[in-house]
Every structure is written in C-alpha cells, then in structure tokens.
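> what follows is a predicted structure for the sequence shown.
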Amino acid sequence: MKNAKIRPLYERRQAFAERQAAREKGTFQGLAPQGSGPSNTHGMPKLPVDQREVKNWPVLDLGDVPRVDTRSWTLTVDGLVQAPRTFSFEEFCALPQTEDVSDFHCVTGWSRMDNRWKGVRFVDLANLMNVAPDARHVWIEAYDVAPGTRIAYTTNVSLEEAVQPDVMLVHTWEGAPLAREHGGPVRMITPQLYAWKGAKWIKRITFAERDRPGFWEVRGYSNTALPWYNDRYGQP
Ligand SMILES: Nc1nc2c(c(=O)[nH]1)N[C@H]1C(S)=C(S)[C@@H](COP(=O)(O)O)O[C@H]1N2
Ligand SMILES: [Mo]
C-alpha cells in the first residue's frame, strides 16, 4: 500500500492472538470500544484508538489510478439477487439519492472527519435488487489493478456491515464531483470500518452466501476491520 506504514509482524501476531482469544471466549463484541471524543452515529468515540485527525484528504492507491469517466463507468450488481443488473452512470444517478456526513478512517492511522457525501445508500441498492435471504457477504471489485499484474482491487464486507445506513456509493464530495484520485466517478464508503473496505472506482458488487477475502484481506489485513477495536491486521 502506497504510504502505508506496516506494523511489525510481532505486533500483528499479538493483536491477532488477542482478538482470536476474545472471539473464542465470545467476548469480542463485548470488548469496550476504544477511542476519544463524543459519540458518533454508531455510538462510538469520534476518534478511534491509535488514529490521528487530518484536515487534508490523503490519497491511497495501489499505484494505478484508472481513467473511468461518467460515460464509460458501469456498475454491475449480481450474485444472490433477483436479477443481475448493470447500471450506467445516468441510471445510477436516477436511483434514490441521499446526502450524509460521515468520518473516514484509514488503517494507516489518519482520520478525516465530517465529510459531506452524496450518492446512493448501499441498503437502498440492496433493497432494489431484492437480495436473497441466504446472502450473508458482499464481494466488491474495482477498476484498478496492482501495477504490473492483472490483479484487480477487491474487498469484502459482511452484509450486516454493508447495510449500515451510512455505507454509501458516492459520486459527490463537499458539493463537487468526486475527484478521480479519490475514486471518481463512484466509490463506496464504509464509515464504521477502515476505509480500505470502501472501493474506489467501484465496478461490481456481488452478494454471496460465503465470504471471500479481498486484495488486502489476503495480504494480512483484517477481515472485519473495526477501527474501535484496533482491528487492523487479521492474520498472524
Ligand atoms: N479501488 C481501490 N479502492 C481503494 C483503494 C485502492 O487502492 N483501490 N485504497 C483503499 C484505502 S487503503 C483507503 S485508505 C481509501 C483511500 O481513499 P482516498 O485515496 O480517497 O483517501 O480507499 C480504499 N479504497
Ligand atoms: Mo487505507
């Protein structure tokens, strides 16, 4: 990850072992969330543990910034839905639009607060697509690839997290079209999870019964990515 400060392996092992132990005891959900500041809309402290607030908006990518404009961009939604569909940008903008303000937490340690977004709530899209009751997970694919490879950026979230009301597919940030380097024309945001779960240049959303780890998840990042539990690295 460009700009990423990789935590020493022993720390990752330690964090993983602690989370694993908590899960096995069934106490993970019961662990106190850590952070500081007033409660956010998820009932969590505004600044998660080991994060620092930034006023700028850093850019993080794999080194590939794909050129997808509003004419070439399409979003395919498939898997456990009533009928798969591919949306053009125009069709996407004809879906019910929502404005929201939410925070953005990068696993490398920075948080950007109070971003004003406009786009389509993930839950609204899921409802429109009539997601089957046995769907439990969401697989997401983006237009960018790891340089020198054909490996696309992908990520995965549980359906439970994806349908949180502030998880959105956004095309507008602070009243202006989302910049290309930030994932324009359309990206996903996951305010309650580390931001790598929100794919820039989103291309495809697949609803599935089974989970499947994405690009960073197979490279040692946490499957669950919960900022208030310092849940950054998922494998020892
Ligand atoms: N397609 C794609 N989505 C991505 C990334 C990426 O490299 N490719 N980086 C992730 C990471 S690690 C973060 S922190 C945010 C960064 O978004 P930003 O560059 O707009 O700050 O996007 C996430 N989504
Ligand atoms: Mo990140």
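Thanks, I have the structure now. Ligands and ions are numbered 1, 2, ... in the order given.

> what number of residues are in the vicinity of Arg187?
Using other C-beta atoms under 10 Å, Arg187 has 22 other residues around it. For the C-beta atoms, the positions are set from N, CA and C on the backbone; glycine is no exception.

> beta partners for it?
Val170 (DSSP bridges).

> for it, give me its contacts.
169-170, 178, 198-202 (C-beta atoms under 8 Å, 6 or more residues apart in numbering).

> need those in a markdown table with distance to ligand 1, can you?
Shown next, in a markdown table, are the contacts of Arg187 (distance: C-beta to the nearest ligand atom, whole Å):
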| residue | distance to ligand 1 |
| --- | --- |
| Leu169 | 13 |
| Val170 | 10 |
| Leu178 | 8 |
| Gly198 | 6 |
| Ala199 | 4 |
| Lys200 | 4 |
| Trp201 | 5 |
| Ile202 | 7 |
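
> among those residues, name the buried ones.
Among these, those classed as buried by 16 or more other C-beta atoms under 10 Å are 169-170, 178, 198-202.

> among the residues you listed, which are located in strands?
Of the positions in these, 169-170, 202 sit in strands, assigned by DSSP state E.

> what would those look like in a markdown table with pLDDT?
Converted to a markdown table, those look like this (pLDDT from 0 to 100):
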| residue | pLDDT |
| --- | --- |
| Leu169 | 99 |
| Val170 | 99 |
| Ile202 | 99 |
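
> closest one of these to Pro96?
The closest of these to Pro96 turns out to be Leu169 (C-beta to C-beta; 11.8 Å).

> which bits of this protein sit near ligand 2?
Residues of the chain lying close to ligand 2 (C-beta under 5 Å from the ion) are 60, 106-107, 196.

> let's see that with 6 Å instead.
Residues of the chain lying close to ligand 2 (C-beta under 6 Å from the ion) are 60, 106-108, 195-196.

> residues touching the residue in the chain that ligand 2 sits nearest to, list them.
The chain approaches ligand 2 most closely through Cys106 (3.6 Å), counting by C-beta to the ion. Counting by C-beta under 8 Å, 6+ apart, Cys106 touches 58, 60, 194-196.

> if we use 6 Å, what do you get?
Neighbouring residues of Cys106 by C-beta atoms under 6 Å, 6 or more residues apart in numbering: Ala195.

> what do you get for Thr86?
Listed by C-beta under 6 Å, 6+ apart, the contact set of Thr86 reads 74, 76.

> for it, give its distance to Arg219.
29 Å (C-beta to C-beta, to the nearest Å).

> can you give me phi and psi for Thr74?
Dihedral pair for Thr74: phi -140, psi 150, per degrees, to the nearest 10.

> burial count for it?
16.

> and the nearest residue to it once chain neighbours are set aside, which of the three is it?
Counting by C-beta to C-beta, 6 or more residues apart in numbering, the nearest residue to Thr74 once its immediate chain neighbours are dropped is Thr86, at 5.2 Å. Per DSSP: H, G, I helix; E, B strand; the rest coil, the secondary structure class of Thr86 is strand.
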